[in-house]
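Participant: sharing a model that was predicted from the sequence below.
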Amino acid sequence: MSRVLIQNFVRFVVLVLLQVFLLKNISLYNLSMPYLYVLFIMLLPLETPNLLLFSLAFLMGIIIDMFYDTPGLHAAASVILAFVRVLFVSITVQRDGFDAEPEPTLGNMGFRWFLTYSTVLILIHHFFLFCLEVFRFSEIQYTLLRFLSSSLFTLFLILITSFLFYRRKER
């Protein structure tokens, strides 16, 4: 088994366990809830085939759904996240300058690109997650407040995690 496959499997398991057993119980004023599991989808190698990427996103989402009792919400939002990831990477990354299987990490891509990448993907994931959860316009202000605060909380945790495991790309 390749090192990248083992690394991503361990990342999958660790993020699911963190999300389900620790982060599920964290809520700031019932507005902001962190969803760190999206980091798995975001850090998959850039050369991951789209079918595998969408399948892994769905699998991650459906496992989170099983523990959150939300039938399909996280799975749908995760597949949308994977789709936007494909679009974002195809627009912003020139594949010629990277190794065989680069991961879009802070160390490989730089802070500005990683911050933009994380912000866009988290905002879209959380927007669809909270809109699908509420699915009515009568609570739009509360939904937008939850969406923004949860997005900021998740972005903060992802940046902290990225800095903890930061490795500068060797050139």
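Facilitator: Good, I have the coordinates.
Participant: for the helix or strand where Ile122 lies, which positions count as buried?
Facilitator: Using DSSP states H and E, Ile122 maps to helix 111-134. Along helix 111-134, these residues count as buried under the neighbour rule (16 or more other C-beta atoms under 10 Å): 114-115, 117-118, 121-131. Quick note: C-beta positions are derived from backbone N, CA and C, even for glycine.
Participant: out of those, who's nearest Val89?
Facilitator: Of all the buried residues of helix 111-134, Tyr117 has the smallest distance to Val89: 8.2 Å, by C-beta to C-beta.
Participant: farthest-separated two in the buried residues of helix 111-134?
Facilitator: So, these by C-beta to C-beta: farthest apart are Phe114 and Cys131, at 25.9 Å.
Participant: give me the distance from the lowest-mean-pLDDT helix or strand in the chain to the chain's centre.
Facilitator: Between all helices and strands in the chain, the lowest mean by mean pLDDT, DSSP states H and E belongs to helix 106-109, at a mean of 83. Relative to its parent chain, helix 106-109 has a centroid offset of 16 Å by C-alpha atoms, centre = their mean, to the nearest Å.
Participant: can you check stretch 58-66 too?
Facilitator: With C-alpha atoms, centre = their mean, you get 13 Å for stretch 58-66.
Participant: which residues sit in contact with the spatially closest residue to Arg85 that is not a sequence neighbour?
Facilitator: Closest residue to Arg85 apart from its sequence neighbours, by C-beta to C-beta, 6 or more residues apart in numbering: Leu121 at 6.0 Å. Residues in contact with Leu121 (C-beta atoms under 8 Å, 6 or more residues apart in numbering) are Val38, Ile41, Met42, Leu81, Val84, Arg85, Phe88.
Participant: how much space separates Leu121 from Leu44?
Facilitator: 12 Å (C-beta to C-beta, to the nearest Å).
Participant: from Gln141, how far out is the most centrally placed residue in the chain?
Facilitator: The chain has Val38 as the residue nearest its centroid, 2.1 Å off, counting by C-alpha atoms, centre = their mean. Distance, Val38 to Gln141, by C-beta to C-beta: 24 Å.
Participant: so the residue located most distally from the centre of the chain, which state does it fall into?
Facilitator: Within the chain, Ser138 marks the point farthest from the mean C-alpha position, 28.2 Å out by C-alpha atoms, centre = their mean. Look at Ser138: counting by DSSP: H, G, I helix; E, B strand; the rest coil, its state is helix.
Participant: tell me how far it lies from Ser162.
Facilitator: 38 Å.
Participant: returning to what we had before: are any of the contacts of Leu121 buried, and which?
Facilitator: Val38, Ile41, Met42, Leu81, Val84, Arg85, Phe88.
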